[in-house]
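>>> coords please:
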Amino acid sequence: MPRIIHFTEYGSPHVLRYQTLETPTPAVNEVLIRVRAIGLNRAESMWRQGSYVEPVNLPARLGYESAGVVTAVGADVKHVAVGDRVSTVPSFSLNDYGMYGEEVLAPAHAVVKLPNSVSFEQATAIWNVFITPYGALIETGLLKAGDVVLVPAASSSVGLGTLQVVRAAGGIAVALTRTRAKREQLLQAGASHVIVTDEEDLVEAVNRITEGRGADIVFEPVGGSTFPKLLQALRVGGTVFIYGALSEDVTPLPLLTVIAKTPVIRGYNLFGTTTDPERQRKATEYVFAGLKSGALHTVIAKTFTFDEMVEAHRELEKNLHLGRIVVTVN
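Numbering: from 1, shown residues only. Sure, this is the predicted structure:
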């Protein structure tokens with residue numbers, strides 16, 4: 001019988017527990033997947049701690065992105081069949097489905113058939129990574145060739161995806177990182193410039209890069225005490241896209257800077273793109289086309305086995321990796 005991972009209380013990675021279940025039967029609009037790989041997201045760490053945007057119903061499962069082989073389909077499922085290689089797009093509540101398991105049910109709308117050129121491991125490192133910047137910057141039409149985009153937390157999996165999406169669109173990606181250790185890797189990953197925030201003044205560095213104009217866009221997943229500096233580094237009328245809240249600190253809003261810069265401050269939620277069938281189709285086509293052309297590529301930082309999920313979550317929370325942490329399932 002397959003195992004799944006769940007938790008009955010909030011806390012550090014040690015609260016994750018394995019549970020053996022009978023193989024489930026898919027409902028009319030569900031797909032049963034024998035999982036081969038799972039990609040870890042920071043959202044799942046926040047979910048496990050009870051600090052995500054959505055309240056958690058305990059006991060809870062977790063996991064958005066998995067890849068594997070279809071073993072059964074519901075009566076109304078037509079776009080995939082038994083034996084197909086597939087992956088799951090984040091487009092559902094973790095209160096309803098969880099992809100951390102050896103065999104899992106997924107809603108049919110979240111299941112995408114994989115090209116043979118994309119491995120199971122790669123397939124767990126493409127959706128949140130690329131659809132997040134695609135939805136905010138490309139789907140909206142906001143990003144134009146030549147635009148300067150600041151990318152905080154640039155060594156995260158979404159940060160690396162953003163560098164690639166910006167470069168592919170002809171923009172100038174400026175990676176922000178706290179230490180010099182990842183500088184060369186970020187340049188190789190697609191950054192035109194890297195600002196080491198522990199060593200350089202962020203605003204001065206951006207003004208130097210932009211010849212005093214300021215950045216056009218900030219793609220922000222952190223918040224906290226550095227947010228005012230990001231606003232100061234923005235050009236007049238520039239846009240801040242907030243898609244995460246990794247900092248536990250209060251995020252100040254400097255009103256005089258807002259008055260001076262007249263910024264557009266927007267939120268972005270991946271689900272706005274992935275839960276709409278037509279928008280999801282265009283997004284997945286964009287990602288597959290980018291992978292095929294070489295404009296986009298996956299970056300896998302480290303691989304763990306399914307039995308090492310607790311260790312994988314501990315690694316996730318160290319924030320020392322560059323790229324996606326992947327768990328393989330036999």
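>>> pretty sure residue 50 is touching residue 10, no?
Yes - Residue 50 is within contact range of residue 10, at 3.8 Å (criterion: CB atoms under 8 Å). Bear in mind the C-beta positions are built from the backbone N, C-alpha and C, glycine included.
>>> shared neighbours, the two?
residue 56 (CB atoms under 8 Å, 6 or more residues apart in numbering).
>>> where along the stretch 101-250 of the chain do the helices fall?
With DSSP state H, counting those that start in this stretch, the ranges of helices along the stretch 101-250 of the chain come out as 120-123, 132-133, 157-168, 183-189, 202-210, 227-232.
>>> what residues of the fourth one count as buried?
Yep, that's helix 183-189 we're talking about. Neighbour-count burial for helix 183-189, counted by 16 or more other CB atoms under 10 Å, picks out 183, 185-186, 189.
>>> tell me the domain boundaries of this structure?
The record assigns the chain these domain ranges, following automatic domain parsing: 3-125+298-328, 129-267.
>>> nearest to residue 291, out of these?
Closest of those to residue 291 is domain 3-125+298-328, at 6.5 Å (criterion: CB to CB).
>>> ok now that closest one, how far from the chain's centre?
Distance of domain 3-125+298-328 from the chain centroid (CA atoms, centre = their mean, to the nearest Å) equals 13 Å.
>>> just stretch 162-179 next, same as before
Centre-to-centre, stretch 162-179 and its host chain are 15 Å apart (CA atoms, centre = their mean).
>>> measure that stretch end to end?
Distance between the two ends of stretch 162-179: 19 Å, counting by CA to CA, to the nearest Å.
>>> show me which residues of that stretch are buried.
For stretch 162-179, burial by neighbour count (16+ other CB under 10 Å) applies to 162-169, 171-177.
>>> tell me the mean pLDDT over the helix or strand residue 258 falls within?
Here residue 258 sits within helix 255-261, counting by DSSP states H and E. Helix 255-261 carries an average pLDDT of 94.
>>> need the residues that contact whichever helix or strand comes after that helix.
Using DSSP H and E, the next helix or strand after helix 255-261 towards the C-terminus is strand 264-267. Here strand 264-267 makes contact (CB under 8 Å, 6+ apart) with 136, 237-243.
>>> again, only using 10 Å
With CB atoms under 10 Å, 6 or more residues apart in numbering as the test, strand 264-267 has contacts from 136, 140, 142, 217-218, 220, 227, 231, 234, 237-243, 253, 258.
>>> give me the distance between the two termini of stretch 250-268.
19 Å.
>>> how many residues are close by residue 272?
13 (other CB atoms under 10 Å).
>>> in terms of helices and strands, where is it?
helix 271-274.
>>> render the CA-only coordinates of that helix in PDB, please.
Provided in PDB are the C-alpha atoms of helix 271-274 (Å, rounded to 0.1, in the frame of the first residue of the first chain):
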ATOM      1  CA  PHE A 271      -3.600  30.700  -8.800                       C
ATOM      2  CA  GLY A 272      -5.000  33.600 -10.800                       C
ATOM      3  CA  THR A 273      -3.200  32.100 -13.800                       C
ATOM      4  CA  THR A 274      -3.300  28.400 -13.000                       C
END
